[in-house]
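**Q** A predicted structure for the sequence below; I have some questions about it.
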Amino acid sequence: MKAFLKDAEANKPKTEGEQLWVGRIRNLAHDVEDIIDEFLYHMYEKQSGGRLSRGLHKTIRTPSNLWFRHKIAKKLQKITQMIKDIPERNQRYGVGLTGGATTFEDSQKPGQNQAEYSFSIKEEELVGIEGKKQILMRWLMDEERHQTVISVVGMGGSGKTTLAAKTFNNERVQKHFNCYAWITVSETYVTEDLFRSLIKELHKSTKEDIPPDLNAMNRTDLRDILVNYLESKRYLIVLDDVWNIEVWKEVRIALHDKGLRSRIILTTRKEDIASYFGVKGHVHHIQPLKRYEAWELFSQKAFSSNDNKACPSELESLAWKLVEKCEGLPLAIVALGGVMSSKKSPDEWHRVLKSINWHLNNNSQLGPVKTLLLLSYNDLPSQLKHCFLYCSLLPEDYLIQRKRLIKLWIAEGFVENANGVTPEEVAGGYLLELCFRSMLQVAMRNGEGRPKKVKMHDLLRELALSISEKEKFGLVYDGRQVMEEITTRRLSIHTTSNEGEIKSGSGMSKIRSLLIFATDMPSLSFSNALLSRFKLLRTLDLEDVQIDKLPDAVVYLFNLRYLNLRGCSLIKQLPESIGRLRNLQFLNIMNTKIESLPQGITKLLNLRHLIIYRQTGHFQVFEYVVGTKAPSNICQLRKLQCLIIIESDGDTIRLIGNLTQLTTIGISNLKETDEIDLWVSIKKLTLLQALELMASNGEEFLPVKAECPPLPHLQKLYLTGRLQKVVPWFSSLHSLTFLQLHWSRLEDDVLPHIEELPNLTKLHLMNAYVGEELCFRRGFVKLVTLHLRNFGWLKKIAMEKGAMPNLRDLYVGSCMELKAVPVGLENLSNLQLLNLRTVPTEIINPIRKGGADRKNYFFLPKESFESEKNILKKI
């Protein structure tokens with residue numbers, strides 16, 4: 001049934017009958033899944049009741065279980081009959097997935113319509129495009145003799161086609177080339193048809209006769225005509241709306257580079273296609289319209305009949321909210337402006353604002369927006385569709401961490417198994433793919449350039465929510481609905497009712513995922529009675545929810561894979577019976593009040609990630625993070641990949657070496673005498689990518705003098721505690737991208753020992769050095785971010801020419817002996833941010849007042865000087 005649904009998604013049911021048929025199969029698949037899980041739950045309850053010792057064989061044969069098995073069998077028989085009835089019913093009404101090939105003309109229609117619209121827009125109607133057009137024109141007409149590919153990339157509706165069309169149509173541009181052609185490619189294509197269209201358009205541009213009998217020619221004949229025609233011509237070709245890199249591979253064989261300054265423009269929604277080509281090229285990323293540009297474009301459409309196209313004062317606040325919904329997406333702004341042009345009263349505007357989802361699905365004027373967004377969604381593979389829809393369950397404009405999202409996807413079962421690759425790596429690839437396809441927006445990147453936080457465009461989210469609800473994938477509860485009957489598989493609660501309670505309804509037992517973002521929910525509303533209704537949950541995410549106790553009913557959620565209690569700052573302990581959750585893979589109790597783990601934690605043999613530390617929020621003190629005590633036999637959890645931060649106690653250090661699947665480990669409460677056991681264990685952790693070591697107190701020396709075993713995969717290293725001297729093995733960490741030294745209080749300068757690290761992108765030094773001067777003389781070739789904090793004796797920071805050529809962000813804080821702003825900032829050509837916090841006011845005042853010192857920093861393109869009150873921003 002799942003295989004059928006996967007095929008059905010690929011074939012994209014078109015008629016209402018087909019959609020109803022697929023929906024019926026989906027419901028039956030859910031029913032089968034429910035029956036299987038109910039049976040497993042029943043068996044689990046019996047085993048948990050003390051009968052396990054008698055063996056499963058006896059358990060199943062008790063009278064009550066025989067009755068239950070009969071009940072399950074009756075349900076399965078009923079579903080089997082319903083499955084048999086579906087083909088007969090479909091045959092009776094002529095319903096079925098026809099499949100079949102889509103013609104080139106059919107596949108072109110959405111893109112072709114968009115291209116025609118883009119060509120028809122008047123210059124005076126365009127907003128925010130002139131500067132972008134000039135960039136493209138400069139690339140088209142520069143002196144580069146070799147063929148150049150110019151890629152314009154952005155999400156659907158961002159203005160790619162409009163920009164390319166206005167550039168292509170420019171008279172100066174067309175006169176620069178001997179011939180030119182515009183081809184809309186779209187999702188499905190036939191190479192022969194592409195060649196025929198190219199031949200026709202090129203001949204039209206030169207007003208030459210089109211060769212006869214093109215339709216009778218094969219691919220080779222068509223290619224030869226193109227090659228011969230372009231042999232001595234400087235050509236411009238636009239390939240609009242490219243979805244597949246194979247298009248370029250097949251077209252390229254006919255577009256030879258004769259050194260005549262020919263150019264190819266390509267528009268695409270996919271980042272990987274834009275940067276593929278392997279020839280000289282440029283990539284132009286379409287950015288959303290700026291706020292004032294979006295307002296101007298919206299006003300042109302919504303208030304076209306008003307004097308000066310001005311917004312009436314009584315509508316202004318509502319108009320701004322609608323504009324912000326579009327997040328700078330031109331097509332959406334134009335379409336929504338058209339919808340609002342016929343609405344005059346604030347009540348009408350308010351109704352549209354509250355029902356954007358309905359209008360997106362039902363208003364014909366918003367049809368082009370939905371069509372373009374659906375094209376991107378329909379092009380996704382099945383597993384990526386599920387991952388994308390899942391993101392819509394998060395609140396609007398919510399920034400979600402990559403690691404959290406990946407764990408949720410894995411727990412939900414969205415991630416395919418792949419030999420030799422962990423589920424985390426596969427899921428990370430899914431996230432990158434969604435970003436490459438412009439389905440998710442990267443809000444923040446880590447030091448290696450990977451997405452750290454992502455968000456969803458508001459309109460894409462509205463589309464995803466409507467699909468989620470229709471397919472019973474998931475539902476967002478915002479307190480306005482009455483949850484009388486729930487048929488969805490996932491429930492995301494953004495706010496509770498006025499009484500602060502979640503109103504339960506029938507069907508809650510079918511829920512597999514419960515996400516709660518109503519952080520002010522009282523403990524009484526999240527009770528045992530409520531939680532027991534969700535008996536088949538796979539994921540439970542309570543991040544930042546301020547409940548003071550984890551309901552006891554949690555331990556009976558035998559199906560639970562993911563439990564997130566991060567930021568539940570009132571919870572003081574986990575129940576001893578947590579060991580019942582035998583399927584649990586992910587447990588996060590970061591920033592709770594839990595100081596020690598119960599013995600039952602050692603029964604969670606499927607646990608992969610265990611995050612158990614607390615942040616104090618004070619980098620000025622030694623204990624900026626605190627580890628958690630755990631039973632020593634926690635080291636029998638052999639599937640653990642991430643364990644941070646465990647407090648060293650007894651045999652913990654010696655036994656950690658048994659966890660050979662660890663990629664991330666954090667250990668606190670270390671003593672100098674732990675050195676031998678520590679490095680014997682770390683030597684066994686051959687997959688290690690991140691390591692954090694914390695001494696037992698601010699005066700204890702870290703046990704790191706010994707020779708370090710090879711750590712070829714280590715990317716992140718955090719050391720907290722005193723160092724007698726610079727660690728000699730720093731220079732061997734060639735994969736290291738992040739280094740943090742906290743409370744090291746070194747007398748020797750550490751910089752010469754780490755300046756040649758080839759991949760270091762982030763460096764945090766906090767109370768790491770007791771000298772009076774830090775000088776960056778050379779190296780640090782990939783360093784992007786530098787933090788220098790809490791240096792009690794530091795008087796001077798200097799950067800010599802050639803050092804840190806890629807530094808973008810420089811933070812200096814809690815350095816009260818500093819005599820001047822860092823010297824040599826003019827040597828940092830890529831610096832964008834200078835943050836000065838808790839430094840002497842005599843350094844800050846001349847900059848704040850615009851004195852001579854401020855003039856010396858004119859070379860910073862977008863620097864921001866900050867003190868404790870964020871005192872100054874300057875461009």
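**A** Looks like it came in fine. Because the structure is a prediction, the values reported are computed rather than measured.
**Q** the closest residue to Ala310 other than its chain neighbours: what's it in contact with?
**A** Once flanking residues are discounted, Ala310 sits nearest to Phe303: 6.2 Å by CB to CB, 6 or more residues apart in numbering. Placement of C-beta: from N, CA and C, glycine included. Counting by CB atoms under 8 Å, 6 or more residues apart in numbering, Phe303 touches 309-312, 341.
**Q** for those, which two are the farthest from each other?
**A** Across the contacts of Phe303, the longest distance by CB to CB is 13.5 Å; it joins Ala310 and Ser341.
**Q** of these two, who's got more company?
**A** Neighbours were counted for Ala310 and for Ser341 using other CB atoms under 10 Å; Ser341 has more, 16 against 10.
**Q** pLDDT wise, what is the spatially closest residue to that one that is not a sequence neighbour at?
**A** Among residues not flanking Ser341 along the chain, Ala302 sits closest, at 5.2 Å (CB to CB, 6+ apart). We note a pLDDT of 88 for Ala302 in this prediction.
**Q** cool, Ala768 as well?
**A** At Ala768, the pLDDT value in this model is 95.
**Q** quick one, what contacts it?
**A** 741-746, 750, 791.
**Q** what do you get if the cut-off is 10 Å, keeping everything else the same?
**A** By CB atoms under 10 Å, 6 or more residues apart in numbering, Ala768 lies in contact with 719, 723, 740-746, 750, 774, 788-791.
**Q** just give me the closest of the residues you listed to Thr422.
**A** Closest to Thr422, out of all of the contacts of Ala768 and judged by CB to CB, is Gln740, at 25.1 Å.
**Q** next, the residue nearest to Ala310: phi, psi?
**A** phi -120, psi 40 (degrees, to the nearest 10).
**Q** ok, how many other residues are close to Pro598?
**A** Neighbours around Pro598, by other CB under 10 Å: 17.
**Q** find the nearest non-adjacent residue to it, please.
**A** Sequence neighbours aside, Glu576 is the residue nearest to Pro598 in space, at 4.5 Å (criterion: CB to CB, 6+ apart).
**Q** and if you look at Met590?
**A** Using CB to CB, 6+ apart, the nearest residue to Met590 is Arg566, at 4.5 Å.
**Q** close enough to count as contact, the one you found and Ile594?
**A** No - in this structure, Arg566 is not within contact of Ile594 by CB atoms under 10 Å, at 11.3 Å.
**Q** contacting residues around the closest residue to Ser151 other than its chain neighbours?
**A** Spatial nearest neighbour of Ser151, chain neighbours left out: Ala274 (3.8 Å); criterion: CB to CB, 6+ apart. The contact partners of Ala274, taken as CB under 10 Å, 6+ apart, are 149-154, 242, 266-268, 281-285, 436.
**Q** which of these fall within strands?
**A** 149-153, 242, 266-268, 281-285 (DSSP state E).
**Q** give the contact list for Leu408.
**A** Per CB under 10 Å, 6+ apart, neighbours of Leu408: 387, 390-391, 393-394, 400, 414, 427, 513, 515, 538-539, 541, 561-562, 564, 586.
**Q** so where's the stretch 401-550 of the chain uncertain?
**A** 479-485, 497-507, 522-525 (pLDDT under 70).
**Q** what ranges does it have for its strands?
**A** According to DSSP state E, counting those that start in this stretch, the stretch 401-550 of the chain carries its strands in the segments 441-445, 451-455, 475-477, 490-493, 513-516, 539-541.
**Q** distance to Ile612 and mean neighbour count added to those strands, as CSV?
**A** Formatted as CSV, these follow (distance: least, CB to CB, whole Å; neighbours: other CB atoms under 10 Å):
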stretch, distance to Ile612, mean neighbour count
strand 441-445, 25, 15
strand 451-455, 22, 19
strand 475-477, 30, 21
strand 490-493, 26, 22
strand 513-516, 21, 22
strand 539-541, 17, 24
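**Q** and Val839, what does it touch?
**A** Contacts for Val839 (CB under 10 Å, 6+ apart) come out as 812-821, 867-868.
**Q** and if you look at Cys387?
**A** Contacts of Cys387 (CB under 10 Å, 6+ apart): 380-381, 405-406, 408-409, 412, 414-415, 427, 430-431, 433-434, 439-440.
**Q** which of the helices or strands spans Thr167?
**A** In this structure, Thr167 sits in helix 160-168 according to DSSP states H and E.
**Q** that helix: how far from the chain's middle?
**A** 29 Å (CA atoms, centre = their mean, to the nearest Å).
**Q** then that helix to PDB, C-alphas only?
**A** Extracted C-alpha coordinates of helix 160-168, given in PDB (Å, rounded to 0.1, in the frame of the first residue of the first chain):
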ATOM      1  CA  LYS A 160      13.700  34.900 -12.200                       C
ATOM      2  CA  THR A 161      11.800  34.800 -15.500                       C
ATOM      3  CA  THR A 162      10.800  38.500 -15.400                       C
ATOM      4  CA  LEU A 163      14.500  39.500 -14.800                       C
ATOM      5  CA  ALA A 164      15.700  37.200 -17.600                       C
ATOM      6  CA  ALA A 165      13.000  38.400 -20.000                       C
ATOM      7  CA  LYS A 166      13.600  42.100 -19.400                       C
ATOM      8  CA  THR A 167      17.400  41.500 -19.900                       C
ATOM      9  CA  PHE A 168      16.800  39.300 -23.000                       C
END
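**Q** what residues of that helix count as buried?
**A** Neighbour-count burial for helix 160-168 flags 160-168 (criterion: 16 or more other CB atoms under 10 Å).
**Q** quick one: average pLDDT of it?
**A** Averaging pLDDT along helix 160-168 gives 91.
**Q** for stretch 189-205, same thing?
**A** For stretch 189-205, the mean pLDDT works out to 90.
**Q** residues in contact with stretch 338-355: which ones?
**A** 298, 300-306, 312, 314-315, 317-319, 321-322, 325, 336, 358-359, 361-366, 368, 480.
**Q** including pLDDT, secondary structure and distance to Arg461, could the contacts of Phe303 go into TSV?
**A** What follows is these, written out as TSV (pLDDT from 0 to 100; DSSP: H, G, I helix; E, B strand; the rest coil; distance: CB to CB, whole Å):
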residue	pLDDT	secondary structure	distance to Arg461
Lys309	85	helix	29
Ala310	89	coil	31
Cys311	91	coil	26
Pro312	90	coil	29
Ser341	84	coil	25
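**Q** closest to Asn835 among those residues?
**A** Cys311 (38.1 Å).
**Q** these two touch, right, that closest one and Trp295?
**A** Yes - counting by CB under 10 Å, Trp295 is a contact partner of Cys311 at 8.4 Å.
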